[in-house]
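Asker: Structure for the following, please:
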Amino acid sequence: MRRIGLALLALLLAHAQALAEVRIAVVGPLNGSFGEIGRSMEAGVTSEAAKFGDILGESISVESYNDGCDAAKAEAIANQLVGRQVNLVVGHVCSLASIAASRIYAANGIIEISPASISPKFTDERAGDTIFRLAPRADTQGTFLGTYLAQTYKGQNVAFLSDSSTYGKDLADRALAAFRAAGGEPSMIETYDSGERSYARLAAKLAADGIEVLFIGGYHGDISQIGFDLAAVGPLPVIVGGDTLMLDDYPALGKAVAEHTIFSAPEGLIGDSEGPDLYFLRAAAAVDIFEAAAEQAGSLDAEKVAAAIARSRFDTAIGSVSFDEKGDALQPGYALYTWKDGRIVPSS
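Answerer: Predicted structure coming up:
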C-alpha cells in the first residue's frame, strides 16, 4: 500500500512539474499568401523565449498553430489553447481571426497580444482587459496615406481600389475619407476579388481612364498581380499601399512593380534588410512585454499581468512601448518607403 502511495505521489509531482511552465502560443497563417507573416512571428517568439529561458522561474514552451486567417478555425484553436492552459497568445494576423478568438481568450484568462491585426474594431470593441495590440490601427495608417495622396498628387488622376478583406477595406475607406477631407476627389473607386490569377480587365479600365496614381487596400500578392497586368497595357501608375507591402515576398513577385510602389510603415522601424522584419520584432516585443509584466506582478495570473501591461512602459525589441485605455500600443508616426534592388529604402 505504501508503494502505491509513493507511486501516486511521484505521478502527481511529475504532472505538476509538467504543468509548471509558461506556455506561449503563436497563432496565425503559417503557409499560403500570408504565411511569411506567421513564420516571422513564430521565429520572433522562439528567439525571444530562448533569450529569457524562463519567466518567474518557470521554463517557457512555445507552440505554433495555423489558423489560415480563418475566423472559425481561429475560434477552434482558441478553445484548444484554453484547454492547454496557455498563458500568452502572440497572434493572430488577420483581424477577423483575432476578433473571433479574442472573446474566448478574454473569457478564459489568456493574454493576447497581436503583432499584426489592424482593424479598429479589434480594440474599439475590445473583448476584455487581457487583449492588446502592437500593430498600428488601420484608421491611423489610412488617414496618413490619404492625406499624403491629397497633398502630393493634387490635380492628378487618383484611383482607389480595395478587396473585401477587413484589412483592405478599412485601409481604403480611411484613406479615401482623409483624401477627400484634404480636398482630393478620386477619379475612380473600385473593388476587386482577392486571389484572382489575372486582373487584366481591371487594368484595362484603369489604363483607359488615364489613372496616374493608384491606391490599393489589399495584400501584396494581389497588388503585384494588378501591377503586372497594368504594365502590360500601358505606363505603370504610382502604386500606393499599406504595410503588407514591406514583406519580402512583394519584390520577389515582381521587382519592377515593387520599385514603382510607395507604402507606409512605422517610422524608424525599417532597419537593415538583412535583419529581422517588423513582424518578427513585434512578436519578440510581445514576449518582452509579457515577461516584464509578469515579473512586475510577481504572478502569471492573467488579470494581474494584464493590469501590469496596462499601467507600464516596456523596453522591447521595437523600442519603448506603452498602451492606451483600449489596449492599443502607442506607436511612433508613419513614414513612407519603397523597394530598391531588393531593399526597403525611404521614399524620396
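
Asker: Can you tell me the SS state at the residue nearest the centre of the chain?
Answerer: In the chain, the centroid-proximal residue (C-alpha atoms, centre = their mean) is Ala116; its distance is 1.1 Å. Following DSSP: H, G, I helix; E, B strand; the rest coil, Ala116 is assigned to coil.

Asker: Quick check on it: phi, psi?
Answerer: Main-chain torsions, Ala116, degrees, to the nearest 10: phi -140, psi -20.

Asker: so who does it touch?
Answerer: 28, 37, 41, 91-94, 135, 279, 282 (C-beta atoms under 8 Å, 6 or more residues apart in numbering). For the C-beta atoms, the positions are set from N, CA and C on the backbone; glycine is no exception.

Asker: and what of Ala135?
Answerer: So Ala135 contacts 114-118, 282, 329 (C-beta under 8 Å, 6+ apart).

Asker: Format those residues as TSV; extra columns: distance to Lys73.
Answerer: As requested, these are arranged in TSV below (distance: C-beta to C-beta, whole Å):
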residue	distance to Lys73
Ser114	16
Pro115	19
Ala116	16
Ser117	15
Ile118	20
Arg282	22
Ala329	26
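
Asker: Can I get those residues in JSON lines including distance to Cys69 and pLDDT?
Answerer: Formatted as JSON lines, these follow (distance: C-beta to C-beta, whole Å; pLDDT from 0 to 100):
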{"residue": "Ser114", "distance to Cys69": "13", "pLDDT": "98"}
{"residue": "Pro115", "distance to Cys69": "14", "pLDDT": "96"}
{"residue": "Ala116", "distance to Cys69": "10", "pLDDT": "93"}
{"residue": "Ser117", "distance to Cys69": "10", "pLDDT": "94"}
{"residue": "Ile118", "distance to Cys69": "13", "pLDDT": "87"}
{"residue": "Arg282", "distance to Cys69": "17", "pLDDT": "95"}
{"residue": "Ala329", "distance to Cys69": "22", "pLDDT": "96"}
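
Asker: most neighbours, which of those residues?
Answerer: Highest neighbour count within the contacts of Ala135, by other C-beta atoms under 10 Å: Ser114, with 34 neighbours.

Asker: Would you mind measuring from that one to Gly91?
Answerer: 6 Å (C-beta to C-beta, to the nearest Å).

Asker: Mutual contacts of those two, please.
Answerer: Residues touching both Ser114 and Gly91 (C-beta under 8 Å, 6+ apart) are Ser98.

Asker: remind me which residues of the protein are low pLDDT?
Answerer: 1-19, 268-275 (pLDDT under 70).

Asker: Give me the buried stretch members for the lengthiest helix in the chain, please.
Answerer: Criterion DSSP state H: the longest helix present in the chain is helix 278-297. Of all the residues in helix 278-297, those buried under the rule 16 or more other C-beta atoms under 10 Å are 278-294, 296-297.
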